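Colleague: My questions concern the predicted model and sequence given below.
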There are 2 protein chains.
Amino acid sequence: MKNIGDTLRALRESKGLLLREVGAELSLDPTLLSKIERNDRMPTKEQVKALSEFYEDKKNEVVIAWLSDKLVYEVQDEDLGLLAMKVAEKKIEYIKTQKS
Amino acid sequence: MKNIGDTLRALRESKGLLLREVGAELSLDPTLLSKIERNDRMPTKEQVKALSEFYEDKKNEVVIAWLSDKLVYEVQDEDLGLLAMKVAEKKIEYIKTQKS
DNA sequence: TTATATTAGCCAAATATTGTCAAGTCAAAA
DNA sequence: TTTTGACTTGACAATATTTGGCTAATATAA
């Protein structure tokens, strides 16, 4: 249940790779990747896609860390945040039944 | 469990008010309010604040409809959306324990 | 010191979101 | 059928937010 930055940093370090190495692989400026790993910048959807594929064995972990971070960010410092999130879950579940 | 637009429209109509009347009260362009009530535009935080106070007896309902809509929007068309939302909930709960 | 890795600050560029206006639809009243 | 009033729509201008990447700063080790 880590945030996206810590998740990415742990993955990179577990492979003993440098920012510039991963950056070169994904055509991502190393200083930008640094910011992402320190939760200073939220990666774009495309960047998450590239990163999750790069760390393929942890694909879902990366995506979920990113999505959940964005959700938390959305309701941070809102008193009703948690309640709204439970409502949002129901809405999504409802939408899913509609689709099938 | 309605979306923000339907919620606002139902509230306005229950009071028999016109778009321009509510608009004038909140210094909100009626055509913009129209878009908001049809879920064509997401209201800003400030607009939600004003609207929720205007419909004071349903304050929380308005805020929750808005927040949950934003959350749903954030993960719509993401396979892992629902899962990520459950993770986000845990993160928020965790953050709350930190604060107290 | 020198070299390498990472972080920080800055700001222009790119994107996304909002606000407004003029024109349009529609239904009911005149 | 013309007019009126409420609302909607589309286009575009105005704003706001986010992003990318450069340069400089910092840190750490050889």
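Modeller: Sure thing, it's come through. Numbering: from 1, shown residues only, chains lettered A, B, ... in the order given.
Colleague: can you list the residues of chain A near DNA strand C?
Modeller: Chain A has residues A:18-20, A:30-31, A:34-35, A:37-38, A:40 near DNA strand C, with proximity defined as Cβ under 7 Å from any atom of the strand. C-beta here means a position set from N, CA and C on the backbone, and glycine is covered the same way.
Colleague: Of the residues you listed - the most surrounded one?
Modeller: The residue in these with the most neighbours, by other Cβ atoms under 10 Å in any protein chain shown, is A:Glu37 (22 neighbours).
Colleague: element containing the nearest residue to that one once chain neighbours are set aside?
Modeller: Setting aside the residues directly before and after it, A:Glu37 is nearest to A:Arg9 in space (Cβ to Cβ, 6 or more residues apart in numbering or on different chains), at 4.3 Å. In this structure, A:Arg9 sits in helix A:4-14 according to DSSP states H and E.
Colleague: what helices or strands is that helix leaning on?
Modeller: Of the remaining helices and strands, those touching helix A:4-14 by 3 or more Cβ pairs under 8 Å, 6 or more residues apart in numbering or on different chains; DSSP states H and E are helix A:30-37, helix A:59-75.
Colleague: Check chain A and tell me which residue is nearest its centre.
Modeller: The centroid of chain A falls nearest to A:Trp66 when counting by Cα atoms, centre = their mean (1.5 Å).
Colleague: these two touch, right, that one and A:Gln47?
Modeller: No - assessed by Cβ atoms under 8 Å, A:Trp66 is found out of contact with A:Gln47, at 9.1 Å.
Colleague: how about the residues of chain A that lie near chain B?
Modeller: A:1, A:3, A:60, A:63-65, A:67-72, A:74-76, A:78, A:80-96 (Cβ under 8 Å from any Cβ of the partner chain).
Colleague: Only the buried subset of these, as a PyMOL command please.
Modeller: To isolate the buried ones among the residues of chain A next to chain B in PyMOL, judged by 16 or more other Cβ atoms under 10 Å in any protein chain shown, type:
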select buried, chain A and resi 63+64+65+67+68+69+70+71+72+74+75+78+80+81+82+83+84+85+87+88+89+91+92
